[in-house]
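Trainee: Pasting the sequence and the predicted model now:
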Amino acid sequence: MSVIPYDIFTEIAQLIRRGNELEDFRTLYAMSQTSRTMLLICRQQLFREIALAPQTWDSLSPDVYRQNLASTSISKPEVLFRIKSIKLLVDSSPDVLKNVRTLHIYSHQSNHNDATLDALLPQFEDLQSLTIEPSDAFEITPWNSLAPTYRSSLLQLIHRSPLRNLSVGGYEDIPLDILLPLRSLVSLSLNTTTFSSEISTVSLSISHASLAPLQIKDLKITGVVHKNMGLLEQDAGQEHPIIDPSALRSLSIQPADYGQQWDVNALKKMTNLEYLAILKGSLSMTNVTIEIVHNIHPHSLTSLLSFHYSIKYHVFSRFNEYKFMPTAVICDLTFHRLETLAIHLGITFDSQEHVLQDLQKLDAMIVDSPNLPSLKNLVLEIQLLWKQISNIDEWRSVPTTHFPRISSSSNIRLTYSCIRDIDI
């Protein structure tokens with residue numbers, strides 16, 4: 001009688017898990033009931049990525065959970081647990097949390113003095129990805145307002161885990177030493193989060209000066225960008241910045257601090273960027289975006305493969321100051337290797353005529369300009385923001401009427417979409 005190799009069952013479980021649908025989880029659960037061997041194999045997939053809901057949500061249904069989480073960055077939580085439910089599971093199967101590689105903690109005041117949660121966090125031993133963000137997208141929590149036991153549990157969880165991905169949202173004045181031990185960190189996402197200017201000694205006695213800067217490849221900053229750019233700068237008395245700007249391959253910025261003064265010195269040290277995104281700006285962000293691009297190190301203009309930016313919810317009431325973003329950004333610089341240029345424009349009623357005129361300029365600029373010698377993909381998304389906009393057909397026909405040269409080009413692929421959004 002032939003024997004099926006053990007690895008085949010692991011691969012089957014992994015394949016089912018990739019579906020990430022409720023039925024797939026049910027299938028894995030059913031498989032786990034067949035034998036002790038399959039139980040261990042399926043647990044690795046069932047608990048690979050989980051989310052912990054706040055204690056206050058313990059009486060809510062899964063559907064309500066997902067409605068509450070709609071405003072967070074995690075669009076589809078994988079396995080969402082009530083705090084009490086996971087505690088009961090751990091009591092019956094003490095080793096189950098050792099299978100978790102990705103953990104999402106949705107922060108809430110009910111977490112901050114929760115002895116059950118404090119007892120659970122030390123049992124996650126081999127996390128590769130960790131997300132800590134508020135259950136309410138508008139909730140901002142001062143770090144020092146957390147209960148000392150909860151604060152200590154979070155710090156210890158972060159420091160003992162071999163994290164490659166860390167996402168933090170909704171905290172202010174986090175001590176810098178939360179980052180210093182994370183020598184394996186590849187991706188860092190900060191959503192409306194700031195760090196204190198001084199390194200505390202809450203968790204570990206670590207000398208900043210003795211550590212080389214973190215070699216993070218992917219950095220995403222949403223909200224208070226001007227404060228977090230300081231992570232890439234060398235402060236007085238420090239030998240190194242927290243993050244080495246020359247190590248970055250991907251930078252995504254979503255500013256909310258339009259009136260703040262930006263320090264562009266860190267941008268000048270980003271020598272190896274391959275992906276740059278400046279998202280959800282307004283018309284007032286035009287000059288800021290131009291400044292960002294123009295201050296990136298020339299080597300990054302050589303290495304950049306993809307550039308994505310969006311301008312949304314703007315009203316062009318002062319046309320004498322109007323600058324059309326695409327032409328303003330690319331007219332003076334040469335992007336030697338840029339293959340993809342993605343643009344999102346939010347169009348208001350009184351801005352239509354000006355945008356349509358400039359789209360025609362963009363058509364000629366991209367085809368004729370030596371600034372984009374390697375461009376292969378132009379992605380343009382138009383979002384119509386007011387119900388007064390009635391000429392939908394005109395906007396939908398833009399590829400034909402305003403991009404004839406790009407549309408007929410054999411070298412550039414145009415991906416165009418036009419959506420209507422009146423709920424603003």
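Mentor: Cool, got the structure.
Trainee: Check what pLDDT Gly223 gets.
Mentor: Note on Gly223: pLDDT of 82.
Trainee: Touching, Thr27 and Leu15? I think so.
Mentor: No. At 10.6 Å, Thr27 does not count as touching Leu15 under the criterion of Cβ atoms under 8 Å. Glycine gets a C-beta too; all of them are placed from N, C-alpha and C.
Trainee: Comparing those two, which shows the higher neighbour count?
Mentor: Thr27 (16 against 11; other Cβ atoms under 10 Å).
Trainee: buried residues in the helix or strand the more buried one falls within?
Mentor: Counting by DSSP states H and E, the element that carries Thr27 is helix 22-32. Buried residues in helix 22-32, counting neighbours by 16 or more other Cβ atoms under 10 Å, are found at Asp24, Phe25, Thr27, Leu28, Met31, Ser32.
Trainee: same check, this time on stretch 90-103
Mentor: Within stretch 90-103, the residues scored as buried using 16+ other Cβ under 10 Å are Val90, Val96, Leu97, Asn99, Val100, Arg101, Thr102, Leu103.
Trainee: Of those, which pair is most distant in space?
Mentor: Val90 and Thr102 (17.6 Å; Cβ to Cβ).
Trainee: Where does pLDDT dip in the stretch 301-424 of the chain?
Mentor: 311-332, 349-351, 386-390, 421-424 (pLDDT under 70).
Trainee: What ranges does the stretch 301-424 of the chain have for its strands?
Mentor: Secondary structure of the stretch 301-424 of the chain, counting by DSSP state E, counting those that start in this stretch: strands at 306-311, 340-347, 377-384, 413-420.
Trainee: export those strands to a markdown table and tack on distance to Arg405 and mean neighbour count?
Mentor: Below are the strands of the stretch 301-424 of the chain laid out as a markdown table (distance: least, Cβ to Cβ, whole Å; neighbours: other Cβ atoms under 10 Å):
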| stretch | distance to Arg405 | mean neighbour count |
| --- | --- | --- |
| strand 306-311 | 20 | 21 |
| strand 340-347 | 15 | 21 |
| strand 377-384 | 11 | 19 |
| strand 413-420 | 10 | 14 |
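Trainee: Distance to His297 added to those, as JSON lines?
Mentor: Below are these laid out as JSON lines (distance: least, Cβ to Cβ, whole Å):
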{"stretch": "strand 306-311", "distance to His297": "15"}
{"stretch": "strand 340-347", "distance to His297": "20"}
{"stretch": "strand 377-384", "distance to His297": "24"}
{"stretch": "strand 413-420", "distance to His297": "29"}
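Trainee: Distance from the helix or strand Ile221 falls within to the middle of the chain?
Mentor: Secondary structure assignment for Ile221, by DSSP H and E: strand 218-223. Computed by Cα atoms, centre = their mean, to the nearest Å, the chain-centroid distance of strand 218-223 equals 6 Å.
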